[in-house]
Structures are given as structure tokens and as C-alpha cells.
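Undergrad: coords please:
(one chain, ligands or ions: 2)
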Amino acid sequence: MSAAAGGHSAATLYEAAKLPCACDPGLRAAWAGAKVAGPAFTVRGIGGDNLALHNAVLAAPAGSVLVVDLQGAAYGHWGEVLAVAAQHRGILGLVVDGGVRDSEEMAAMNFPVFSRHVTVVGTVKDYPGDMRSPVRVGGVVVHTGDLVVGDADGVVVLPQDSAAAIISRADQRVADEQRIIADIRAGKTTLELYGLKTEGSW
Ligand SMILES: O=C([O-])CC(=O)C(=O)O
Ligand SMILES: [Mg+2]
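TA: Residues are numbered from 1 along each chain as shown. Ligands and ions are numbered 1, 2, ... in the order given. From the prediction side, this is the model:
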């Protein structure tokens, strides 16, 4: 959660978006408690090669989230050194369809990372990468400037043009859920509150 997404969780934004905006659940926080929200800077590299990431740290503006297509490859494409370099330049975090390493070090420095794998296996450094083009990450097409939000439940990507409207629907949803939770504490049931069928043989 962060100000960029109105403080909303990935799950709330998913419900408010009414779009197929969720990365597949194989993309997870690389360390417990990682959270990120900010505009994407897109990168495509080649799995098993991390030169694109070294370049992306220099190309991406401060305040952005690197969103990287490495075709789901199980290599440690990113680690403590790149995380320090990214944090030094004001990059907010990394979402990568591929693997990373040094997850404990990234937790200690509070650099949020979402990846498909955590693995020690290192990479070559040959392919410079393609920046700012649309990429597919966790099954979702991401453009530079889209709003990326990751937390313990996963990663969602909101199209730049609709992000503000989605955040305001999320504000409404949170208010509605707070009322529902208060009613449950006062003795109402979820079946009543959601108008669900009550007949059944259970
Ligand atoms: O091999 C690399 O460039 C990735 C890495 O270990 C690090 O960033 O610490
Ligand atoms: Mg390293």
C-alpha cells in the first residue's frame, strides 16, 4: 500500500478494476511484507541474462517501479547489488517475471521485489534489453506509466488512463466493507448482508 494507489491493497484494486489486471499467482513477494505501488517502467530482457536490469536501473526515472519480462526464467537476475543501485536512484521496487536472489538482504533494506522464483543461480550479461515497450508480466500486458501495486496477495497492474477512476471505486468499496464489517460485529450474517441464498441442506 502506498499513496500512489490511494493506500489500497492489490485485492481491493482488483475488485474495483473489473478488469483482468492480476498477474498470475506465481508472481509473489520475494520477502514477507514487501509492498510497492507506483508507475511502471517496462523492460524486456532475455532469461538467464541480466544486463537489461543493470541498464534499466540507469534508464528508469526516480519514483518508478521496474516491470521486467524475463520469460519466467529461473535465474537470480537481481540481487543486493542491483537493489542498492536502484534504491540509490529512487526506484521504488521491482516486479519481474523471472528469478531473483539475496531476498534477505532486500528485506533488510526494505526494497520490495516481486518475482516468480528466488534462486541462487547467476546470469550472463550480454543482452542490453529493450526499455519502455509493452511487456507481458505474469500474463498481464504492462505499459510504461501503468500503475503497479504489489503486496502479500500478489501484483495488479492498472491501466494509466483508468487508474484514478479505479482508485475512487476502491475508496467506495472500502467504505462499504467497513460498514459490512461493523454490521457483522453487531450480529448480522454475511448471507443477509450480501443477499445470498439461505436455503440449503448444510
Ligand atoms: O549478478 C548480478 O548482477 C545480480 C546480483 O547478484 C546482484 O545484484 O547482487
Ligand atoms: Mg550479487
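Undergrad: rest of the way, CA atoms for contacts and neighbours
TA: OK.
Undergrad: other SSEs contacting the longest helix along the chain?
TA: Across the chain, the longest stretch assigned as helix under DSSP state H is helix 163-185. Judged by 3 or more Cα pairs under 8 Å, 6 or more residues apart in numbering; DSSP states H and E, helix 163-185 is in contact with helix 10-17.
Undergrad: residues contacting the helix it packs on, please?
TA: Helix 10-17 has contacts (Cα atoms under 8 Å, 6 or more residues apart in numbering) with 1, 21-22, 149-151, 153-156, 158, 166-167, 169-170, 173-174.
Undergrad: ok, back up a step: show me how far the helix or strand just after the longest helix of the chain is from its chain's centre.
TA: Counting by DSSP states H and E, the next helix or strand C-terminal to helix 163-185 is helix 190-194. Mean-position distance between helix 190-194 and its chain equals 31 Å (Cα atoms, centre = their mean, to the nearest Å).
Undergrad: pull the CA atoms of helix 190-194 into CSV?
TA: This file holds the C-alpha atoms of helix 190-194, laid out as CSV (Å, rounded to 0.1, in the frame of the first residue of the first chain):
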residue,chain,number,x,y,z
THR,A,190,-22.7,-12.3,5.5
LEU,A,191,-25.6,-14.1,3.8
GLU,A,192,-28.0,-11.4,4.9
LEU,A,193,-25.6,-8.6,4.1
TYR,A,194,-24.7,-9.8,0.6
